[in-house]
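Undergrad: My questions concern the predicted model and sequence given below.
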Amino acid sequence: VVYKSVTRLCDTKDIVTVNGHYPGPTIRAREGDTLFIKVTNHVRYNVTIHWHGLRQLRTGWSDGPAYITQCPIQQGQSYTYRFTITGQEGTLWWHAHISWLRATLHGGIIIYPRRGLPYPFTHPDAEVPIILGEWWNADVEQLVAEANITGRAPDISDAFTINGLPGTLYNCSDQ
């Protein structure tokens, strides 16, 4: 987990990413695979990753909710998530599960059928993961901190994103 300088809506800021990618990488696996995903935190915020929709059968410590199933990964520390994909196929997503880091720290998970088993639908000709998100020009961690202090709702996002990019309805959306 590292910072990367990104420009959206004519504004440049450092965001929290996985290996400098926003959105993060799409993980591709097969039903029955055991995944080992090592996360090393190189940012000033504590981090956890939640594997949204994945069943954690006897691996609750890999589910990601901070202070619930695991302690956050502190700056300079690493944690290896280990879990087996059991009885699931389809497209899911992973995201940070502490504070609002999920605004930029997220990506897809594609789970294919076990080798030798057919798809439950016609085999696709191509795959293009589509990751929907939101973009704030402000620092999202500062937004949530102010909301916690004031008791007011945080500001709404400045744009919706598809694969990390705002649509053409926004000023400077091509930047």
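TA: Thanks, I have it. All values reported here derive from a predicted model rather than from experimental measurement.
Undergrad: And the helices in this structure, which stretches?
TA: In the chain, the segments counted as helices under DSSP state H are 140-150.
Undergrad: what's across from the residue positioned nearest the centre of it in the sheet?
TA: Nearest residue to the geometric centre of the chain (C-alpha atoms, centre = their mean): H106, 1.4 Å. Beta-bridge pairing of H106 under DSSP bridges involves H95.
Undergrad: who's in contact with it?
TA: Taking C-beta atoms under 8 Å, 6 or more residues apart in numbering as the criterion, H106 is in contact with P23, G24, W93, W94, H95, A96, I131, G133. Quick note: C-beta positions are derived from backbone N, CA and C, even for glycine.
Undergrad: Neighbour count and pLDDT for those residues - can I get that in TSV?
TA: Converted to TSV, the contacts of H106 look like this (neighbours: other C-beta atoms under 10 Å; pLDDT from 0 to 100):
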residue	neighbour count	pLDDT
P23	24	97
G24	24	97
W93	22	96
W94	26	98
H95	21	97
A96	26	97
I131	17	96
G133	21	95
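Undergrad: ok, and the closest non-adjacent residue to L57?
TA: Among residues not flanking L57 along the chain, T86 sits closest, at 5.5 Å (C-beta to C-beta, 6 or more residues apart in numbering).
Undergrad: Could you do T80 as well?
TA: K38 (4.6 Å).
Undergrad: again with I110
TA: R28 (4.9 Å).
Undergrad: what do you get for H97?
TA: Nearest one to H97, counting by C-beta to C-beta, 6+ apart, is H50 at 3.6 Å.
Undergrad: Pull out the buried positions in stretch 102-112.
TA: R102, A103, T104, L105, H106, G107, G108, I109, I111, Y112 (16 or more other C-beta atoms under 10 Å).
Undergrad: before we move on, what about stretch 11-19?
TA: For stretch 11-19, by 16+ other C-beta under 10 Å, it's K13, I15, V16, T17, V18.
Undergrad: Equivalent analysis for stretch 140-158, please.
TA: So, applying 16+ other C-beta under 10 Å, buried residues of stretch 140-158: V140, L143, P154, S157, D158.
Undergrad: any idea how far the residue nearest to Y112 when sequence neighbours are not counted is from T86?
TA: In space, and not counting its chain neighbours, Y112 is closest to R30: 4.8 Å by C-beta to C-beta, 6+ apart. Computed as C-beta to C-beta, to the nearest Å, the R30 to T86 distance reads 12 Å.
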